[in-house]
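Undergrad: Mind folding the following:
(one chain, ligands or ions: 1)
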Amino acid sequence: MYVLHPSLVVTMDKNMRILRDVYLGITNGVISEISKEKPKDAEEIVELPGRIIIPGLINAHTHVAMVILRGLKDDVDLMTWLNKYIFPAEACLNADDVYYGSLYGISEMLSSGITTFNEMYYFMEKIAQATIETGVRSVLSLGILDLVSEDRTPEKEIKKAHDFLGNLEKLWNIDKKLKERLFFAYGPHAPYTCSEELLRRVAELAKKKKVRVHIHLSETKSEVQQIKEKTGKTPIQYLESIGFLGENVMAAHVVWPTENDLQILSHYKVNVLHNPISNLKLASGIAPIDKMFSYNINVALGTDGAASNNRLDMFREMHLAALIHKGNNLDPKIVSAREVLKMATINGARALGLENQIGSIEINKFADLVVLNAKKVISAWPKHDIYSRIVYAMDRNAVERVMVDGKWVWVEGKPININIESLRERIQEIRDHIEHEIAT
Ligand SMILES: [Zn+2]
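TA: Numbering: from 1, shown residues only. The predicted structure is shown next:
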């Protein structure tokens, strides 16, 4: 048994237990013991005096390879940003670009303690490969959309998703452990880029296969308007009317729900993935998270892609999530630091359907852990309420080590499995190439 001995463990379990001076025993990548006494069968004990251990953070919505497009265009709205800048740039990306971008993006995520990410993009095999090599976990949904060009059809889009699933299955067959690190989901991009037929078929297939569906939903006012003009319904009412909604749906953004929409989301137990920085930067708006809480909707936290953030940093995301709703509602009591850390851990696990495996520190869950050193952040002192300290006073510099599946993947400012220096050069070459392509 491999044993960690920190000063404090923030479990995020059902009782929100905070444990002082305990031993965390890890066997085959799983937390096998939590005890006050030194475990008898300890093979190695890592003393972590003064350190705080929290569960690995879960980035509930991202497009990891978009780090390549960071800062490509700032300070424009979503539709301009997508149509004029992002889609043309993405058309220049090849599979290798997405692979290197993913390696870099995952490294960046590790720097703020993210151990699992919920991904939607393309060249998904390459993102799977980057997940394997970096040692993290991901839920992978190949973005499918049939309304953007004439040659796309629901059949072809579904076939793409299933081809990817077939490739994942091959990986799972080679190494059973990979079935616990790579997860499949359907990724119909959004109600305004997918036909009704595609959405209906995805919903049916997902229910049959018992897998999750990842979709952008009610992100902007113009999306709501567009869907209303087309269907007479809000995007959420529209998805309900075609039998799309359910517990397996992970809806990113949900910035513009009506009261009735919230009742629908609550009724179908749809999971909301909140991305406050991206929503602010693209001026999409502020999602009514406090209202979602009152409807008992599960809300997880994500960064979205680095092209609309411009970081993949859960500490920044948590900080903003804890502040913005207070100011927006003139109510300091809503969206507490504790609730925000739940959004970044156990709520994320629930949204991804992985609440029995990750999201809290409990016996039989995977050892996905973040070791924080509060002394690395000057504002994190003196000691006080731990949720307040993490969300309001710390930043990612506090992240000293990150473990996934019982293995260290980030130690002292560097990923263990990647050479970040050579990767940095590669990323720059890709970016230079894209800028050249767009210019000509
Ligand atoms: Zn997104």
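
Undergrad: Give the helix, strand or coil label for the residue nearest to Tyr122 when sequence neighbours are not counted.
TA: Leaving aside its sequence neighbours, Tyr122 sits nearest to Gly143 (CB to CB, 6 or more residues apart in numbering; 5.7 Å). All C-beta spots, glycine's among them, are computed from the backbone N, C-alpha and C. At Gly143, secondary structure determined by DSSP: H, G, I helix; E, B strand; the rest coil is strand.

Undergrad: Repeat that for Leu48.
TA: Of the three states, Leu48 takes strand according to three-state DSSP.

Undergrad: how many other residues sit next to it?
TA: 19 (other CB atoms under 10 Å).

Undergrad: Tell me the buried residues in stretch 288-298?
TA: 288-290, 292-293, 297-298 (16 or more other CB atoms under 10 Å).

Undergrad: Out of the residues you listed, list just those in strands.
TA: The members of those all map outside strands under DSSP state E.

Undergrad: Go through those residues and name the one nearest Arg396.
TA: Nearest to Arg396 among the buried residues of stretch 288-298, counting by CB to CB, is Ile289 at 22.4 Å.

Undergrad: distance of the closest one from Gly348?
TA: According to CB to CB, to the nearest Å, Ile289 stands 14 Å off from Gly348.

Undergrad: which residues touch the nearest residue to Asn271 once chain neighbours are set aside?
TA: The shortest distance from Asn271 to any non-neighbouring residue, by CB to CB, 6+ apart, is to Ala351 (3.8 Å). Contact analysis of Ala351 by CB atoms under 8 Å, 6 or more residues apart in numbering lists 58, 60, 118, 250, 271-273, 298, 300.

Undergrad: In ChimeraX, how would I select the buried members of those?
TA: Applied in ChimeraX, the following selects the buried portion of the contacts of Ala351 according to 16+ other CB under 10 Å:
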select :58,60,118,250,271,272,273,298,300
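
Undergrad: Including distance to Asn173, could the contacts of Ala351 go into JSON lines?
TA: JSON lines is the format used below for those (distance: CB to CB, whole Å):
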{"residue": "Ile58", "distance to Asn173": "27"}
{"residue": "Ala60", "distance to Asn173": "28"}
{"residue": "Asn118", "distance to Asn173": "24"}
{"residue": "Met250", "distance to Asn173": "26"}
{"residue": "Asn271", "distance to Asn173": "29"}
{"residue": "Val272", "distance to Asn173": "34"}
{"residue": "Leu273", "distance to Asn173": "30"}
{"residue": "Asn298", "distance to Asn173": "32"}
{"residue": "Ala300", "distance to Asn173": "30"}
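
Undergrad: Just give me the closest of the contacts of Ala351 to Ala367.
TA: Ile58 (14.9 Å).

Undergrad: so after the helix or strand bottoming out on mean pLDDT in the chain, what's the next helix or strand?
TA: Between all helices and strands in the chain, the lowest mean by mean pLDDT, DSSP states H and E belongs to helix 78-80, at a mean of 88. Sequence order places helix 87-90 as the next helix or strand after helix 78-80, per DSSP states H and E.

Undergrad: Could you identify the helix or strand that succeeds that next one?
TA: helix 95-111.

Undergrad: Give the other helices and strands that that next one contacts.
TA: Counting contacts by 3 or more CB pairs under 8 Å, 6 or more residues apart in numbering; DSSP states H and E, helix 95-111 is packed against strand 57-62, strand 114-121, helix 124-134, strand 407-411, strand 414-415, helix 420-439.

Undergrad: With Thr193 as the reference, name the closest of those.
TA: Per CB to CB, nearest to Thr193 of the helices and strands packed on helix 95-111: strand 114-121, 11.8 Å.

Undergrad: Can you give the strand pairings for the closest one, parallel or anti for each?
TA: Neighbouring strands of strand 114-121 in its sheet, by DSSP bridges, are strand 57-62 (parallel), strand 137-144 (parallel).

Undergrad: which of those is buried the deepest?
TA: Counting by mean count of other CB atoms under 10 Å, strand 57-62 has the highest mean neighbour count of the strands paired with strand 114-121, with a mean of 30.

Undergrad: returning to that earlier point: would JSON lines of the contacts of Ala351 with pLDDT and distance to Val411 be doable?
TA: Formatted as JSON lines, those follow (pLDDT from 0 to 100; distance: CB to CB, whole Å):
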{"residue": "Ile58", "pLDDT": "98", "distance to Val411": "21"}
{"residue": "Ala60", "pLDDT": "98", "distance to Val411": "25"}
{"residue": "Asn118", "pLDDT": "98", "distance to Val411": "25"}
{"residue": "Met250", "pLDDT": "98", "distance to Val411": "31"}
{"residue": "Asn271", "pLDDT": "98", "distance to Val411": "32"}
{"residue": "Val272", "pLDDT": "98", "distance to Val411": "34"}
{"residue": "Leu273", "pLDDT": "98", "distance to Val411": "29"}
{"residue": "Asn298", "pLDDT": "98", "distance to Val411": "33"}
{"residue": "Ala300", "pLDDT": "98", "distance to Val411": "27"}
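
Undergrad: any idea which of the contacts of Ala351 is closest to Trp410?
TA: Nearest to Trp410 among the contacts of Ala351, counting by CB to CB, is Ile58 at 15.5 Å.

Undergrad: quick one on the thing from earlier: mind checking the strands paired with strand 114-121 for the one nearest to Val402?
TA: The nearest among the strands paired with strand 114-121, by CB to CB, is strand 57-62 at 9.1 Å.

Undergrad: could I have the closest one exported to PDB, CA atoms only?
TA: Once non-C-alpha atoms are left out, strand 57-62 reads as follows in PDB (Å, rounded to 0.1, in the frame of the first residue of the first chain):
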ATOM      1  CA  LEU A  57     -10.800  18.900  -9.900                       C
ATOM      2  CA  ILE A  58     -13.200  18.100 -12.800                       C
ATOM      3  CA  ASN A  59     -13.300  20.500 -15.800                       C
ATOM      4  CA  ALA A  60     -16.900  19.800 -16.800                       C
ATOM      5  CA  HIS A  61     -16.800  21.500 -20.200                       C
ATOM      6  CA  THR A  62     -13.800  22.200 -22.500                       C
END
